[in-house]
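Undergrad: Fold the stuff below for me.
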Amino acid sequence: MLQETGTRLVLISPDELEKIVSASVHRAVSAALQGVNTKTVMTEAEAAHYLGFAPNTLRQWRVEGIGPKYSKPAGTAVRYLKESLDAWLAAGQTVTASHHLRG
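TA: Residues are numbered from 1 along each chain as shown. All right, here's what the predicted structure looks like:
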């Protein structure tokens, strides 16, 4: 005995299925990238936001020479390459003692 569940069967062509899947993937990727900085060159404010620090922190690090690499292409405007920010973050990675104990 077949029960009615309120669903229906819809037949679609392979081309229509490809369009539906493509649109769904596009929407999912767009949603996942919301808030992700895809710029390759960032202002001080953008770099600070990307790293999760205040712009003043980046300024202080530049004075102390401990922050990520930066450039001043116009003489005064500070710019950061995303590649440099990522490299600086990666260089600061460390393994905690608990990781060593777990093997």
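
Undergrad: my read is I66 is in a strand, agree?
TA: No. I66 sits outside any strand when classified using DSSP: H, G, I helix; E, B strand; the rest coil, being coil.

Undergrad: And it, what's its pLDDT?
TA: We have a pLDDT of 91 for I66.

Undergrad: How many residues are close by V41?
TA: For V41, the neighbour count with other CB atoms under 10 Å is 13. Just so you know, the C-beta spots here come from the backbone N, C-alpha and C atoms, and that holds for glycine as well.

Undergrad: Excluding covalently adjacent residues, which one is nearest to it?
TA: The shortest distance from V41 to any non-neighbouring residue, by CB to CB, 6 or more residues apart in numbering, is to R79 (5.5 Å).

Undergrad: S71 is in contact with that neighbour, correct?
TA: Yes. Counting by CB atoms under 8 Å, R79 touches S71, with 5.4 Å between them.

Undergrad: Name the residue in those two with the higher neighbour count.
TA: Counted by other CB under 10 Å, R79 and S71 do not tie: R79 has more neighbours, with 16 against 12.

Undergrad: Find the residue ranges of the protein scoring beneath the pLDDT cut-off.
TA: Applying pLDDT under 70 to the chain flags the ranges 1-5, 33-37, 96-103.

Undergrad: Looking at it, which helix is longest?
TA: As assigned by DSSP state H, the longest helix anywhere in the chain is helix 14-33.

Undergrad: going on from it, what's the next piece of helix or strand?
TA: Next helix or strand after helix 14-33 toward the C-terminus (DSSP states H and E): strand 41-43.

Undergrad: What strands line up against that next one, and which way round?
TA: Counting by DSSP bridges, the strands paired with strand 41-43 are strand 79-81 (antiparallel).
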